[in-house]
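*Asks:* Need a 3D model of the following:
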Amino acid sequence: MNLTTYQDADAFLRETQGVLEEREAENNLMLGLCLKMSSEEIEPAPYFATVKQRDDLLVAAIMTPPHKLIVYSDTNARVEVFELLTADLLAKGLPVPGVIGRSAGTSTFAKAWEKITGESAIQGMRHRIYRLTEVNQPQTPSGSFRVATKDDLTLLAQWTLAFHHEAVPNDPLSDVQGATRRRVAHKEIFVWEDAGPVSVAARSRPTTNGVSVNLVYTPPEYRGRGYATACVASLSRHLLDSGFSFCALFADFANPTSNHVYKKIGYRPICDFVEWRFAAIA
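*Replies:* Model prediction:
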């Protein structure tokens, strides 16, 4: 087995993109982030690594500190592969707050991390990844769909914070205003409006053939009226009409409401991801 690290996303993609795109929607998180990083400078420097057995890609991993390590693993990846990856991360002095990826691979990495570091691995959120190629027409509530504008910035920043605290409270978050401003300028955020904005969804991480939908949020006072369903369906149709072959999204496995909404629109489950958080044992 050989572990190789890479200086940038382009070098990493040259070794991994062909394999990752065999299941493009499943690997949309790693692919989308790497394709974005190939055209943007990220600070602090990201971590990129592969472990290969001859020409077979056993593991691919990326990390953009302070976020969790993202792992792709082949079904033949054994615990020794993840011990090799763990040793390299420790040798480089990189803090690893946790890991996310397909359930089997991340669970094996968590065991290797516990064994070598002595830290405790705590299972976090389970995600279901969905893929859509055709939108089912839901019953449309009152209101209309539109791209967000600079006039929405203050509200959308507030909603982004609320979404984060509700959906991914353990993930780091910084510069919400700046990130929202950039996403609005790039026409990535969309709202459903009914006498004012009532729901939001965004496009993110385009890959070769697909694109992800995220930031799906409706304030509590507007829930139960079909606004989120209409917003996500409209955005998904817009993305397919613009030339993407599929849309992908992550849903909290423990949230039956959101999973039901996505299935009703036409999203189909393709795999499950799981998060593990690492913490020193007191």
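
*Asks:* For Trp159, give its distance to Ala230.
*Replies:* Here Trp159 is placed at a distance of 16 Å from Ala230 (CB to CB, to the nearest Å). Placement of C-beta: from N, CA and C, glycine included.

*Asks:* Who does the closest residue to Pro197 other than its chain neighbours form a beta bridge with?
*Replies:* Residue nearest to Pro197 in three dimensions, not counting chain neighbours: Val191, with 4.3 Å by CB to CB, 6 or more residues apart in numbering. With DSSP bridges applied, Val191 shows beta-bridge pairing to Arg146, Val200.

*Asks:* what helix or strand is the nearest residue to Asn28 once chain neighbours are set aside on?
*Replies:* Nearest non-adjacent residue to Asn28, counting by CB to CB, 6+ apart: Ala248, 4.6 Å away. Applying DSSP states H and E as the criterion places Ala248 in strand 246-252.

*Asks:* in the helix or strand that that strand is followed by, what's buried?
*Replies:* Following strand 246-252 in sequence order, the next helix or strand is helix 256-265 (DSSP H and E). Neighbour-count burial for helix 256-265, counted by 16 or more other CB atoms under 10 Å, picks out 258-259, 261-262, 265.

*Asks:* Take these and lay them out in CSV including distance to Pro197 and pLDDT.
*Replies:* Shown next, in CSV, are the buried residues of helix 256-265 (distance: CB to CB, whole Å; pLDDT from 0 to 100):
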residue, distance to Pro197, pLDDT
Ser258, 19, 91
Asn259, 24, 93
Val261, 18, 92
Tyr262, 21, 96
Ile265, 20, 96
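
*Asks:* need the residues you listed in JSON lines with distance to Leu85, can you?
*Replies:* Listed next are these as JSON lines, based on distance: CB to CB, whole Å:
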{"residue": "Ser258", "distance to Leu85": "32"}
{"residue": "Asn259", "distance to Leu85": "32"}
{"residue": "Val261", "distance to Leu85": "36"}
{"residue": "Tyr262", "distance to Leu85": "32"}
{"residue": "Ile265", "distance to Leu85": "37"}
